[in-house]
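Engineer: Let's see this in three dimensions:
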Amino acid sequence: MEPNSPDAARQRERVLGYLDGSDKAFAEYMSLPQDAQESGMAGDLAVKRKALREAVLAFGAALDRANESEIRQVAMVALPKAYAEMTDASKALRDYQQTSADHQRIENAGASRTAAVVAIAAIAAGLIAAFAGWFLLRRAIMTPIAEALEHFEHISAGDLTRVVAVKTHDEMGQLLSGVASMKDKLAATVLTVRSSSEAIASASKQIAAGNTDLSSRTEEQAASLEETAASMEELRSVCTMRFEAHATGVDEDSL
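Structural biologist: This is a model prediction of the structure:
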């Protein structure tokens, strides 16, 4: 910008307007949380921005005084120097923010991968826990129930020789113990009934043999009675003949 340019004052006001808007945005940025290094760099930039503003104000004052040498000195030396320093500080801060953002992005990606791995591990652990729970539940409940049903089927088929193995002492173990006790008592009952049936069969055989013996004796007694009756008949005949002979006077010896 030429010091003697007629629109120098207008451009000065324009630059000050840009600086005011920039200062407002910079103040909002400074209110945001920052780490130590960024805060230091932002503070250095604030100093450089202040120096640039002072150089602009000094340029305006020189214009107001119409001091051509001072105008040239500020316009050609102070302003370019202040602007270059502010630009360097702004670029350094922007580069740091970019690098920090890249690092943060990398950390976020790593955290995302870690979270994904943790989520997958948690899902896998949940599946393993579910399978283990199913297996333990099946082993603790379903298997003993299936064994009890199998024993009931054998008992209902009349097989009382199958051994009921009780491996635990929990509720399922008590169920199998009850099945074993029922099976043993049922076997004892069947054995008792069988023994009673055998005793009844033996007694029946003995009764049949006694009846046969009694029938034989009865027949013998009947034969004896028949012989006795024949003897009595013969004796009666003899007695009758004797009575008749006596009545007729026949000598008994002749008989």
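
Engineer: In terms of pLDDT, where does the closest residue to residue 26 other than its chain neighbours sit?
Structural biologist: Nearest residue to residue 26 in three dimensions, chain neighbours excluded: residue 49, at 6.7 Å (CB to CB, 6 or more residues apart in numbering). For glycine as for every other residue, the C-beta is placed from the backbone atoms N, C-alpha and C. Residue 49 carries a pLDDT score of 86 in this model.

Engineer: Same check on residue 7?
Structural biologist: Listed pLDDT for residue 7 reads 64.

Engineer: can you check residue 126 too?
Structural biologist: So, for residue 126, pLDDT stands at 92.

Engineer: what packs against whichever strand or helix holds residue 187?
Structural biologist: For residue 187, the enclosing helix or strand under DSSP states H and E is helix 171-248. The contact analysis (3 or more CB pairs under 8 Å, 6 or more residues apart in numbering; DSSP states H and E) places helix 171-248 against helix 143-156.

Engineer: and the angle from the helix holding residue 187 to helix 143-156?
Structural biologist: Helix 171-248 and helix 143-156 are oriented at 10 degrees to each other (axes from the mean of the first three to the mean of the last three CA atoms, to 10 degrees).

Engineer: can you count the residues close to the residue nearest to residue 26?
Structural biologist: 19 (other CB atoms under 10 Å).

Engineer: Can you list phi and psi of it for me?
Structural biologist: Main-chain dihedrals, residue 49, degrees, to the nearest 10: phi -70, psi -40.

Engineer: go on, residue 165?
Structural biologist: Taking degrees, to the nearest 10 as the convention, residue 165 sits at phi -90, psi 120.

Engineer: For it, which residues are in contact?
Structural biologist: 147, 176 (CB atoms under 8 Å, 6 or more residues apart in numbering).

Engineer: now it: how far from residue 142?
Structural biologist: 16 Å (CB to CB, to the nearest Å).

Engineer: Residue 24 now?
Structural biologist: Counting by CB to CB, the gap from residue 24 to residue 142 is 74 Å.

Engineer: Kindly report the same for residue 17.
Structural biologist: When residue 17 is compared with residue 142 (using CB to CB), they lie 83 Å apart.

Engineer: same deal with residue 62?
Structural biologist: Residue 62 is 98 Å from residue 142, by CB to CB.

Engineer: quick revisit: is it true that the residue nearest to residue 26 touches residue 86?
Structural biologist: Yes. In this structure, residue 49 is within contact of residue 86 by CB atoms under 8 Å, at 5.6 Å.

Engineer: how about low-confidence regions in this structure?
Structural biologist: Where the chain drops to pLDDT under 70, the residues are 1-9, 12, 249-255.
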